[in-house]
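>>> below is the sequence, then the predicted model.
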2 protein chains.
Amino acid sequence: MIRRETKQRETILGILRSTSSHPTTDWIYDEVRKVLPNISKGTVYRNLKVLCEMGLVSELKLNGMVSRYEGRLDSHYHFRCERCGRVSDIDEPVDKELDRRVAVKTGLKISYHQLEFRGLCHDCEAQAKDE
Amino acid sequence: MIRRETKQRETILGILRSTSSHPTTDWIYDEVRKVLPNISKGTVYRNLKVLCEMGLVSELKLNGMVSRYEGRLDSHYHFRCERCGRVSDIDEPVDKELDRRVAVKTGLKISYHQLEFRGLCHDCEAQAKDE
DNA sequence: TTAGGTGCAAAACCTTTGCCATCCC
DNA sequence: GGGATGGCAAAGGTTTTGCACCTAA
């Protein structure tokens, strides 16, 4: 299937590339509407799916509530605040050797691993102290 | 709030402790009904939530779609087949040192990390070859 | 006795889909 | 022109919730 360039798709991609947050579909929808007020939610969902297939954005699938997306493509780890749910990138080298080791040990075909740290972000920790 | 012991809650906990699979709510519901045919799905959801709060079971969330639960409580890694969605435990020591290192580097309060390997399970790999 | 728990059904949520008009190549 | 895409709304699937009735402690 040949993919077309539409302003809806371009806008969504642009938004994802311009933020380092890891937005939910809802947040993306609100942002796109500032530029294209008539866009529908279905279109946002469809395009996020397509952009994932095209390998232009990635979806965070580890243990969250709703899906979150990001424009960054290289493999890296995340941190999720258990209180506010915010997600941020962690600058720590990805241990590819771990995949190989576990693949050998288990005989499973492992293509990658996803890792998420859990705890309290700076804001929430400060807030927790006040209570 | 004082938690009571009800046969519904006991049964659900028993089922989770007796399996090493990582069942979905639906599967659990089907199993409980073999013992308590009149149990409702709402009760299963409510009790899984309560058991999580009590720290007796833990929840593995898949992408906002279906939750999976397990009775095992010690920290460990998982493998998820990208084709059939099955989840299994991985017998590899959890790197607690990683949490400390990243906490120091980032200043974040990290309590633990979750790690999931992705790839193809034995069955699905065999099937993939046939196609 | 009484606060917590259950069943039932409706509501709430997130996501997908069918249909037809529209737009890109 | 013709297939890909968009907008709209309805449907789908999972989870939560309100309410009246139970039941463990």
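The structure has been received and is ready for your questions. Numbering: from 1, shown residues only, chains lettered A, B, ... in the order given.
>>> could you use CA atoms for every contact and neighbour count after this?
Noted.
>>> ok, which residues in chain A are in contact with DNA strand D?
When proximity is defined as CA under 7 Å from any atom of the strand, chain A approaches DNA strand D at A:1-9, A:36, A:38-43, A:46-47.
>>> overlap between the residues you listed and the residues near DNA strand C?
Near DNA strand C, by the rule CA under 7 Å from any atom of the strand, you find A:Arg4, A:Glu5, A:Thr6, A:Lys7, A:Lys41, A:Gly42, A:Thr43, A:Arg46 out of the residues of chain A next to DNA strand D.
>>> tell me how many other residues surround the first one.
By that I understand A:Arg4. Residues within reach of A:Arg4, counting by other CA atoms under 10 Å in any protein chain shown, total 8.
>>> reduced to three states, what does it come out as?
coil (DSSP: H, G, I helix; E, B strand; the rest coil).
>>> and it, what pLDDT?
pLDDT, A:Arg4: 94.
>>> residues contacting it?
By CA atoms under 8 Å, 6 or more residues apart in numbering or on different chains, no residues touch A:Arg4.
>>> that one and B:Glu125, how far apart?
34 Å (CA to CA, to the nearest Å).
>>> ditto for the third one
Between A:Thr6 and B:Glu125 the distance is 37 Å, computed by CA to CA.
>>> those two: who's more crowded?
Just comparing A:Thr6 and B:Glu125: by other CA under 10 Å the higher neighbour count belongs to B:Glu125, 15 against 8.
>>> work out for me the element the more buried one sits within.
Assigned by DSSP states H and E, B:Glu125 belongs to helix B:122-130.
>>> can you count the residues close to A:Leu16?
Neighbour number of A:Leu16 under other CA under 10 Å is 22.
>>> for it, what are its contacts?
Taking CA under 8 Å, 6+ apart, we find A:Leu16 in contact with A:Ile28, A:Val57, A:Tyr69, A:Glu70, A:Gly71.
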